[in-house]
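Structure for this input, please:
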Amino acid sequence: MKIYQIHTKQNLPITVKEAWDFLSDPLNLSVITPDYMNFDIISGADRSVYTGQLIQYTITPIGKFKMQWVTEIVGVKEGSHFVDEQKYGPYALWHHKHFLKEIPGGVEMEDIVDYKVPGGFLGRLVHPFLVKPKLDEIFAYRKKALEENFGIYKTP
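Numbers count the residues shown, from 1 in each chain. Sure thing, here's the model as predicted:
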């Protein structure tokens with residue numbers, strides 16, 4: 001079994017509280033997800049993240065292929081971190097840790113995602129050509145969207 005990992009860090013000149021308030025609100029997932037993915041929350045986004053929360057949504061990651069995804073928040077330490085896991089969706093495993101740390105002049109936001117693609121050998125074969133580039137694109141979009149949201153991104 002091959003488990004892949006995405007590990008990103010981003011520094012923003014905001015407080016930990018500002019970062020937490022934004023990231024812990026499931027409705028803000030649509031702000032940091034590319035528009036073409038047609039991200040739509042179906043249920044579970046009526047409060048800030050809490051352990052046991054189920055969030056159900058649909059996405060269109062490729063073309064017009066619509067997928068359902070159910071995420072469970074499996075751990076929360078307010079102002080510090082939370083962890084979500086896919087319960088139903090496109091991956092054989094999706095475990096996403098979100099960390100916040102105060103640094104001089106702002107906050108460091110760190111994401112660690114451990115994931116496994118479905119489909120055995122075929123899934124591993126398409127991973128470097130389809131899955132990994134798509135995830136890299138989504139996390140690059142997220143970085144830019146966070147910068148724009150907090151007013152620090154300068155459009156060239």
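
Which elements pack onto the lengthiest strand in the chain?
For the chain, the strand with the greatest residue count under DSSP state E is strand 65-77. Contacts defined by 3 or more CB pairs under 8 Å, 6 or more residues apart in numbering; DSSP states H and E place strand 65-77 against strand 54-62, strand 81-88. The way it works is simple: take the backbone N, C-alpha and C, and place the C-beta from them, glycine included.

Let's have the ones you listed in TSV, adding mean pLDDT.
Shown next, in TSV, are those (pLDDT from 0 to 100):
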stretch	mean pLDDT
strand 54-62	91
strand 81-88	98
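
Pipe those into TSV and attach mean neighbour count per row.
Shown next, in TSV, are the helices and strands packed on strand 65-77 (neighbours: other CB atoms under 10 Å):
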stretch	mean neighbour count
strand 54-62	17
strand 81-88	17
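
Spell out, range by range, the helices that occur in the chain.
16-23, 120-126, 132-149 (DSSP state H).

Can you give me the buried ones in the first one?
Read it as helix 16-23. Within helix 16-23, the residues scored as buried using 16 or more other CB atoms under 10 Å are 16, 19-20, 22-23.

quick check, nearest of those residues to G105?
Nearest to G105 among the buried residues of helix 16-23, counting by CB to CB, is V16 at 12.2 Å.

I figured the closest one was touching E78, is that so?
No: in this structure V16 lies outside contact range of E78 using CB atoms under 8 Å: 10.3 Å.

returning to that earlier point: go through the helices and strands packed on strand 65-77 and name the closest to I138.
Short answer: strand 54-62, nearest of these by CB to CB, at 8.4 Å.

what angle separates that closest one from helix 132-149?
Inter-element angle recorded for strand 54-62 and helix 132-149: 110 degrees (by axes from the mean of the first three to the mean of the last three CA atoms, to 10 degrees).

Tell me the gap between strand 54-62 and the middle of its chain.
Put simply, strand 54-62 sits 12 Å off its chain's centre (CA atoms, centre = their mean, to the nearest Å).

Run through who's touching that strand.
With CB atoms under 8 Å, 6 or more residues apart in numbering as the test, strand 54-62 has contacts from 26, 29, 33, 36-45, 66-73, 84, 87, 90, 134.

what's the angle from it to strand 81-88?
Going by the same axes, to 10 degrees, strand 54-62 makes 70 degrees with strand 81-88.
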